[in-house]
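>>> I'd like to go over a predicted model; first the sequence, then the structure.
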Amino acid sequence: MSSVFLGSDCVGRIIDGRFTLLRWLGGTEQSSVFFTELDADPAKQAAIKLTPANAVDAETRIAQWTAATTLFHPHLIRLSHAGRCNVDGVDLLYVVTEYAEEVLSEILRERPLTPGETRDMLGPVVDALSWLHARDLLHGHLKPSNIMVADGQLKLSTDTLHAAGEPGTVSPSSGIYDAPEVALGKISPASDVWSLGVVMVEALTRQPPLWDRSRGAAPVIPASIPPPFFGLARACLQVDPARRWTLSAIGNFLQAPAPKPANKIAAGQPPGAQPSRARPFKTRVMIAGAVLVVAVIVAVLVIGSHHRPSPPAIQSSTPATQPESPGPAAQPGNGSIVQGAVAFRATPDVPQSIRDTIEGHVKVRIALEVDANGSVAGATIDSPGPSRYFTNRALEAARNWKFKPASMDGHTVASKWILQFHFGQDGTTITPAETSP
């Protein structure tokens, strides 16, 4: 048995007197991973990773693993136990985590991810990294083999985490996944952003980008990377850490709506090919998105059949908060109803960099409760768009609208309005419609 590699011949061994190696899952010259079970009723599936303990930082690694057992986040693999053990006279370190049903690196052996799957993968990864960075923790080894699906959720490994400001351990097998500054002992949140860019390119092409570290130039991003991912990869893979996008900027980018595919041919398939039946990289985001689309269509059909014809649309290409020009006053008579009118409008502030990701238009419908003074008393999402980002921008703007009150029998009354937002690359169009009285 080699001191740096344990294979399937070790199945059946018991580690630290309580973790039985039930099945070999894979490994490298630096580590091996086995399937095991935790004591529970019923027994709980888990994975145990074994590495040689002859490294000078063995105690530091155990301390890092022990600290990681206190971390709880929906997109981080739970780490439950860590320690030292001895197998046939060989001193080893072990770490026990929850068992992952899928690993991104295994999916990429079969096929690349589609642009939609890539976007759905990036969201949870950015969420988890942002959570770690807010606690002065770095991942340090982001790559496809450390992005998994466990218990139906996409999650990141937690056995390589370390505190910001401390030198990270550079794996000989990491290569391009390690940012240029890591070789100099400098690692920061920007280093995780570099790794994210490499992972994104590999997810879409099954190959990491080409990079000659000795030349000091940025990696070569394949021209086959579809927009807007090509630009995002370039923003992540800047040699200078200060020029890379922050996770906050990447998060805003991902909240923008995904561009519509030019045709129905699956990514990576030649024209005329049959749709791939390869297993999907499962994330709950994709399922929720499909349900949301159906809900939006139903809402539009139902609401559209009941509303009055809409007044002319309000068009603005720049953020604006402008009062309406006064018009002729209405002259109510006995038993008459006079509709209200818009007195002040507010247009969402959306950076052009976000608008440039839109294909066509993003539609959001906001319902307003307007009091007898013409102020918005309540704003709710009547029909959400495909992106929380645009839905939230529309809701914020709608709350700032003002109205000339509606009247009934000469008295001002409360009213209800619907604002239809159309976000596009060239601006935002807002169409108001009063639905009562």
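Alright, I've got the coordinates. Numbers count the residues shown, from 1 in each chain.

>>> which outside residues touch the helix or strand that contains Val376?
Using DSSP states H and E, Val376 sits within strand 376-383. Residues external to strand 376-383 that are found in contact with it (Cβ atoms under 8 Å, 6 or more residues apart in numbering): 296, 299-300, 303, 363-371, 391, 395, 398-403, 414, 418. To be clear about C-beta, it is placed using only N, CA and C from the backbone, and glycine gets the same treatment.

>>> Next secondary structure after it?
Using DSSP H and E, the first helix or strand after strand 376-383 is helix 388-398.

>>> Other residues contacting the next helix or strand after that following helix?
Using DSSP H and E, the helix or strand that follows helix 388-398 towards the C-terminus is strand 402-404. With contact meaning Cβ under 8 Å, 6+ apart, strand 402-404 is reached by 323-324, 340-344, 370, 374-376, 415, 417.

>>> So for the protein, the centremost residue is which one?
By Cα atoms, centre = their mean, the chain has its centre lying nearest to Gly123, at 0.9 Å.

>>> How about the secondary structure of Ala82?
Three-state call for Ala82 (DSSP: H, G, I helix; E, B strand; the rest coil): strand.

>>> on that earlier part again, of the contacts of strand 402-404, closest to Leu132?
Val376 (38.9 Å; Cβ to Cβ).

>>> how near is the closest one to Asp382?
Val376 sits 14 Å away from Asp382, taking Cβ to Cβ, to the nearest Å as the criterion.

>>> How about Ala249?
For Ala249, the distance to Asp382 - Cβ to Cβ - is 30 Å.

>>> Also Phe230?
Phe230 is 36 Å from Asp382, by Cβ to Cβ.

>>> now Leu142
39 Å.

>>> pretty sure the residue nearest to the centre of the chain belongs to a helix, no?
Yes. Residue state for Gly123 (three-state DSSP) corresponds to a helix.

>>> pretty sure it is in contact with Asn252, am I right?
No. Under the criterion of Cβ atoms under 8 Å, Gly123 is not in contact with Asn252, lying 11.8 Å apart.

>>> neighbouring strands for the strand holding Val376, and are they parallel or not?
Applying DSSP bridges, strand 376-383 is found paired with strand 362-370 (antiparallel).

>>> in the strand it pairs with, what's buried?
For strand 362-370, burial by neighbour count (16 or more other Cβ atoms under 10 Å) applies to Val362, Lys363, Val364, Arg365, Ile366, Ala367, Leu368, Val370.

>>> same question, stretch 399-418
So for stretch 399-418, counting by 16+ other Cβ under 10 Å, buried means 401-407, 412-418.

>>> One more: stretch 188-206?
Neighbour-count burial for stretch 188-206 [16+ other Cβ under 10 Å]: 188-206.

>>> These in helices, which ones?
Per DSSP state H, helices hold the following members of the buried residues of stretch 188-206: 189-205.

>>> Where does the prediction get shaky in the stretch 151-300 of the chain?
Counting by pLDDT under 70, the stretch 151-300 of the chain has low-confidence residues at 166-174, 257-300.

>>> try it again with 80
For the stretch 151-300 of the chain, residues meeting the criterion pLDDT under 80 lie at 165-174, 216, 256-300.

>>> show me what contacts Leu156?
Leu156 touches His75, Leu76, Ile77, Val125, Ala128, Leu129, His139, Leu142, Asn146, Ile147, Met148, counting by Cβ under 8 Å, 6+ apart.

>>> can you do 7 Å?
Counting by Cβ atoms under 7 Å, 6 or more residues apart in numbering, Leu156 touches His75, Leu76, Ile77, Val125, Ala128, His139, Asn146, Ile147.

>>> re earlier: show me which residues of the strand holding Val376 are buried.
Result for strand 376-383 [16+ other Cβ under 10 Å]: buried residues Val376, Ala379, Ile381, Asp382, Ser383.

>>> And for stretch 220-228?
Buried residues in stretch 220-228, counting neighbours by 16+ other Cβ under 10 Å, are found at Ile221, Ile225, Pro228.

>>> How about stretch 85-95?
So, applying 16+ other Cβ under 10 Å, buried residues of stretch 85-95: Cys85, Val87, Val90, Leu92, Leu93, Tyr94, Val95.

>>> Reformat the residues you listed as CSV; add pLDDT.
Below are these laid out as CSV (pLDDT from 0 to 100):
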residue, pLDDT
Cys85, 91
Val87, 85
Val90, 85
Leu92, 91
Leu93, 93
Tyr94, 94
Val95, 94
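
>>> Make sure Pro226 is actually in contact with Gly116.
No. Using Cβ atoms under 7 Å, Pro226 and Gly116 do not qualify as a contacting pair, with a distance of 10.8 Å.

>>> Which pLDDT value goes with Met1?
At Met1, the predicted lDDT confidence score is 43.

>>> again with Val350
On pLDDT, Val350 comes in at 84.

>>> Excluding residues flanking it in the chain, which one is nearest it?
Arg393 (5.9 Å; Cβ to Cβ, 6 or more residues apart in numbering).

>>> wait, that neighbour sits on Pro351?
No. If you go by Cβ under 7 Å, Arg393 and Pro351 don't touch, sitting 10.4 Å apart.

>>> Between those two, which is the more surrounded one?
Taking neighbours as other Cβ atoms under 10 Å, Arg393 and Pro351 compare with Arg393 leading, 24 against 11.

>>> Pass me the low-pLDDT residue ranges in the stretch 1-150 of the chain, would you?
1-6, 29, 40-43, 54-57.

>>> Save the buried residues of stretch 220-228 as TSV, and put in distance to His422 and secondary structure too.
Shown next, in TSV, are those (distance: Cβ to Cβ, whole Å; DSSP: H, G, I helix; E, B strand; the rest coil):
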residue	distance to His422	secondary structure
Ile221	33	coil
Ile225	29	coil
Pro228	20	coil
